[in-house]
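Colleague: Below are the sequence and a predicted model for it; my questions follow.
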Amino acid sequence: MTDSNFGKGCHLHLIDGSAFIFRAYHALPPLTRKSDGLPVGAVAGFCNMLQRYVDGDHGADAPTHLAVIFDAKGDNFRHKLFPDYKANREEMPEDLRPQIPLTRAATEAFNIPSIELEGFEADDIIATLTCRARQAGGRVTIVSSDKDLMQLVGGGVEMMDPMKNIRIDRDGVIKKFGVPPEKVVDVQALAGDSIDNIPGAPGIGIKTAALLINEWGDLETLLDHAEEIRQPKRRQTLIEKRDQIELSKKLVQLDCKMPLDVSLDDLELREPDPDKLLAFLAEMEFRTLSRRIAEKLGVEPPVIPEKAPDPAGDAPAPDDQPFDSANYECVRDAQALQRWIDLIQFRGWVAVDTETTSLDEMRADLVGISLAVEPGSACYIPLGHKDGATDDLFGSDALAEGQMDKAQALGMLKPVLEDDSILKIGQNMKYDAKILARHGIDVAPIDDTMLLSYAMHAGLHGHGMDTLSERYLNHTPIPIKPLLGSGKSAITFDKVKIEDAVAYAAEDADITLRLWRVFKPQLHRARVTTVYETLERPLVPVLARMEMDGIKVDRDTLGRMSNGLSQKMAALESEIHELAGEEFNVGSPKQLGEILFDKMGIEGGKRGKTGAYATGADVLEDLAAEGNELAARVLDWRQLAKLKSTYTDALQDHINPETGRVHTSYVIAGANTGRLASTDPNLQNIPVRTEEGRRIRKAFVAEPGNKIVSLDYSQIELRILAHIADIPALKQAFADGLDIHAMTASEMFDVPLDQMTPEIRRRAKAINFGVIYGISAFGLSRNLRIPRSEAQEFIDRYFERFPGIRAYMDDTVAFAKEHGFVRTLFGRRINTPEIAARGPRAGFARRAAINAPIQGTAADVIRRAMIRMPDAIAGLPAKMLLQVHDELLFEVAEHAVDKTIEIARSVMENAPEPAVKLDVRLTVDAGVGDNWAEAH
DNA sequence: CTAGAGCGCTCG
DNA sequence: GTACGAGCGCTCTAGC
């Protein structure tokens, strides 16, 4: 490249594009394009800044040449030198991502050259152009606040900080770094940079670094004479960390000689083409800006149709297409698929849905994939539909005609589904991510309409697609029932005719995309963007991994237990029949009630809403205490029946034949408070409270050479209560490591701790839990089996001793009444629509509102720990397997047990930070064993 | 025959 | 009429 005309008298201005973008993003509210909700706030800010820069008064520093320099996506040569380079960088906000290409388009619309090159950072391009301009005798202004660029200043090169609007010359650099520009890299190599993750020399900051460089002249001399440093700490660091420091210098040193296919002459200042520029601004729907620019250019401003904002906020945008399944395309070959991929790449996002043969992701076969890019335009790619003509019981039907080869289609889709710059939108993405992961595809990044709804609407309604579609799109999705049938005669999706599948499957992707366009711009209005970004979205891959790993369950242990239980139950059953004087179904509460309260004539039987007698454990226990043998035996039988049916039998059916492990599924958007729920099977209610039940846990084992490790938060909800309600006595008790229930008992009943009895402690414990549950005299009296008046006295005394509790309860209910929701410490929103109800429902809503911030904050804490856990234990032979609300279960190679506990505990105990600093520290108890029973 | 309500029990 | 938050197996009934 020749820069033949560039020289003395020329002044090149180089704008650091990223700096402009980030400043624009943070300076403006999250604007979206009205017609389709595309986020454009950063683009708007970027255009404004460009326009102001070009038209600004630069005096003697006016540009003759101008370019905007961008960072290319992906890694550069520095990552090869140091894989962790910029590893501390926070991920780009999701609503900024799609705006990045638009800022390039904006630059072009302004007719300003934009330069980027894969494998290099913007800084290197700036360095190269700066060197060339300086050699040619011209001047340069670098528009950036990035201090890494200060090494280029001097010899006609200055920086211009667009934030503060000040110019920085050689003296400015000396002021900032304490050394002239040519020695800046030496200082940076020593001082390091936490933002870019440049290690530097530990303990040495910019001040010290400048001192050392000024003393020794340059870095190499300094390092060669490190032995002569007087301060022992400094000397040792410089000697020991020499490699790290030299690496740091390579990382901060900008490349002045990159191969750049641009000549300086190409960058000569030029006027924008009004048509092009205004067309772009109109496309972005920037009304004010296009009016201003049109005025300046002396042309008519473009007409941008005004779309009336939807007053309800929830209804579909009026310009959305009606649903019409005839518009959906069936993709049957590579050409057709490539067209969709092109569309997706152009758009930067796609709604994805997979169709399979089972709701169990670990057993499901992939049958097809649907994609949607814009409302009303979606496709279905059949991949595994069987020819339904033959009725083959062995499922060996041939594939139906007109389908792409599955491997070929997945091969084409993989780069898209894994592309950092393309957002994949799904409804319950964890399901699809697991299916695709089993085909070697790691879907990322993702958005999930179910989780968007959950973050905003928890407590208002469910978050299934049918519910959301009806509520927010006013559209009832095609039901799956007519396609699959039900019960015994139900078929799997692979047997559905492709023509029928297209309408159903493509519509799901279409609905998902439309929901996303409704929900995404509403996140910030509900003030749950951070909740969604830090507690919902990042949890998806973590749970997917845990669920796919599963936990090993020993079938023989369960089988033997089942047999043993059968025998004991049979014996009990005969006894029960004899006591009853007739044979009846012991498992039928209705029949049991009739025997007890009608036939045997026991007084005081209470009937439920169906008219049947209540025969719950509390009722039977009272009868048994009065000496009723039948009630006692039925209680025994029920315990065994529960263990057998729900656990020893059912669990065996959940052992995956291929993995030999049990793979639960966590419902992220199930519990209103933020808790997870475990299903198919539920592994969060495996028995533990009785010895008999605990034996089930022995069947949950580690692989040979491994251990099961359990870590659980100690009294997390009470600790959170102490913090939220601000109870000094409780906080102090936790700080002192006291037995919290005993301490409460002592305080309430004036019993010294050394004279505490189990009975008094039990009562205090019940009250402590009652407080978390939104205590009532009725509830406490029933739980402790004491008169209501006595329960009321306890509660009164509790409030007297801990007055903050009452204030917390009153304040929380008042907040819920005013706003219709409550929040956790981390901002999670739990809607409380029933708080305005009258009658018994009001009581329920009150107590739920009091409980939600406590339970929800605890749920947020463990979510944070789980999200951080994979990175924390990466490299250790350890897997996180299960979550049980306040407990995490791991499978760990024996030799790494101690290290894993140390790291995982630290992650869990520090999980609230830095977002929240609790007044009470969280403590985590650990257990290790060959099985879950031993570890707990 | 199937779906759904109700009951009861498991967990934190 | 009640302690908060969940899931699931069994029985029974209503409705196809």
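Modeller: Ah, there it is.
Colleague: List the residues that contact the nearest residue to A:A106 once chain neighbours are set aside.
Modeller: Closest residue to A:A106 apart from its sequence neighbours, by Cβ to Cβ, 6 or more residues apart in numbering: A:C47 at 5.2 Å. (Each C-beta comes from the backbone N, C-alpha and C, glycine too.) Each residue near A:C47 by Cβ atoms under 8 Å, 6 or more residues apart in numbering is listed here: A:A106, A:F110, A:L281, A:M284, A:F286, A:L289.
Colleague: So the last one belongs to a helix, correct?
Modeller: If I follow you right, that is A:L289. Yes - using DSSP: H, G, I helix; E, B strand; the rest coil, the assignment for A:L289 is a helix.
Colleague: Compute the distance between it and A:Y380, please.
Modeller: 41 Å (Cβ to Cβ, to the nearest Å).
Colleague: quick one: which of the two has more around it?
Modeller: Neighbour totals were compared for A:L289 and A:Y380, and A:Y380 leads with 27 against 16 (other Cβ atoms under 10 Å).
Colleague: What parts of the stretch 801-936 of chain A come near DNA strand B?
Modeller: With Cβ under 7 Å from any atom of the strand as the criterion, the stretch 801-936 of chain A meets DNA strand B at residues A:Q855, A:V884, A:H885, A:D886, A:E887.
Colleague: From the contacts of A:C47, pick the one nearest DNA strand B.
Modeller: A:M284 (47.3 Å; Cβ to the nearest atom of the strand).
Colleague: Skipping its backbone neighbours, what lies nearest that closest one in space?
Modeller: In space, A:M284 is closest to A:V40, 5.5 Å off (Cβ to Cβ, 6+ apart).
Colleague: count of neighbours near the one you found?
Modeller: A:V40 has 24 neighbours, counted by other Cβ under 10 Å.
Colleague: Show me the helices in the stretch 201-350 of chain A, by range?
Modeller: Assigned by DSSP state H, counting those that start in this stretch, the stretch 201-350 of chain A shows helices spanning A:206-216, A:219-224, A:232-240, A:242-252, A:274-284, A:287-297, A:334-347.
Colleague: Repeat that for the stretch 701-850 of chain A.
Modeller: Applying DSSP H, counting those that start in this stretch to the stretch 701-850 of chain A gives helices spanning A:716-724, A:728-735, A:740-749, A:758-772, A:777-784, A:788-801, A:803-819, A:840-873.
Colleague: So which of those helices is nearest A:A935?
Modeller: Smallest distance to A:A935 across the helices of the stretch 701-850 of chain A (Cβ to Cβ): 16.5 Å, for helix A:840-873.
Colleague: Now the element after the closest one, going C-ward?
Modeller: Counting by DSSP states H and E, the next helix or strand C-terminal to helix A:840-873 is strand A:878-883.
Colleague: circling back to that earlier point, what mean pLDDT does whichever helix or strand the residue nearest to A:A106 is part of get?
Modeller: Here A:C47 sits within helix A:41-55, counting by DSSP H and E. Averaged across helix A:41-55, the pLDDT comes to 91.
Colleague: what's downstream of it, the next helix or strand?
Modeller: strand A:65-69.
Colleague: What are the contacting residues of that next one?
Modeller: A:6, A:10-17, A:20, A:50, A:54, A:107, A:112-116, A:122, A:125-126, A:129, A:133, A:138, A:262, A:264, A:267-269.
Colleague: what is the mean pLDDT for it?
Modeller: Here the average pLDDT along strand A:65-69 is 96.
Colleague: With stretch A:544-563 instead?
Modeller: 97.
Colleague: ends of it, how far apart?
Modeller: By Cα to Cα, to the nearest Å, the extent of stretch A:544-563 from end to end equals 34 Å.
Colleague: quick revisit: so which of the contacts of strand A:65-69 sit within helices?
Modeller: Within the contacts of strand A:65-69, residues falling in helices by DSSP state H are A:G17, A:F20, A:L50, A:V54, A:T107, A:A122, A:I125, A:I126, A:L129, A:A133.
Colleague: pLDDT score assigned to the first one?
Modeller: At A:G17, the predicted lDDT confidence score is 94.
Colleague: circling back: to A:Y613, which of the helices of the stretch 701-850 of chain A lies closest?
Modeller: Nearest of the helices of the stretch 701-850 of chain A (Cβ to Cβ): helix A:777-784, 18.3 Å.
Colleague: Remind me what the closest one packs against, helices and strands.
Modeller: In terms of contacts (3 or more Cβ pairs under 8 Å, 6 or more residues apart in numbering; DSSP states H and E), helix A:777-784 is packed against helix A:758-772, helix A:788-801.
Colleague: Columns mean neighbour count and mean pLDDT on top of the ones you listed, output as TSV?
Modeller: Converted to TSV, the helices and strands packed on helix A:777-784 look like this (neighbours: other Cβ atoms under 10 Å; pLDDT from 0 to 100):
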stretch	mean neighbour count	mean pLDDT
helix A:758-772	18	95
helix A:788-801	16	95
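Colleague: Columns distance to DNA strand C on top of those helices, output as TSV?
Modeller: Compiled in TSV, the helices and strands packed on helix A:777-784 are given as follows (distance: least, Cβ to the nearest atom of the strand, whole Å):
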stretch	distance to DNA strand C
helix A:758-772	2
helix A:788-801	8
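Colleague: With distance to A:V619 as added columns, please give those in JSON lines.
Modeller: Listed next are these as JSON lines, based on distance: least, Cβ to Cβ, whole Å:
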{"stretch": "helix A:758-772", "distance to A:V619": "20"}
{"stretch": "helix A:788-801", "distance to A:V619": "19"}
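Colleague: Please convert the helices of the stretch 201-350 of chain A to CSV, extending it with distance to A:A915.
Modeller: CSV is the format used below for those (distance: least, Cβ to Cβ, whole Å):
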stretch, distance to A:A915
helix A:206-216, 29
helix A:219-224, 39
helix A:232-240, 33
helix A:242-252, 30
helix A:274-284, 34
helix A:287-297, 36
helix A:334-347, 33
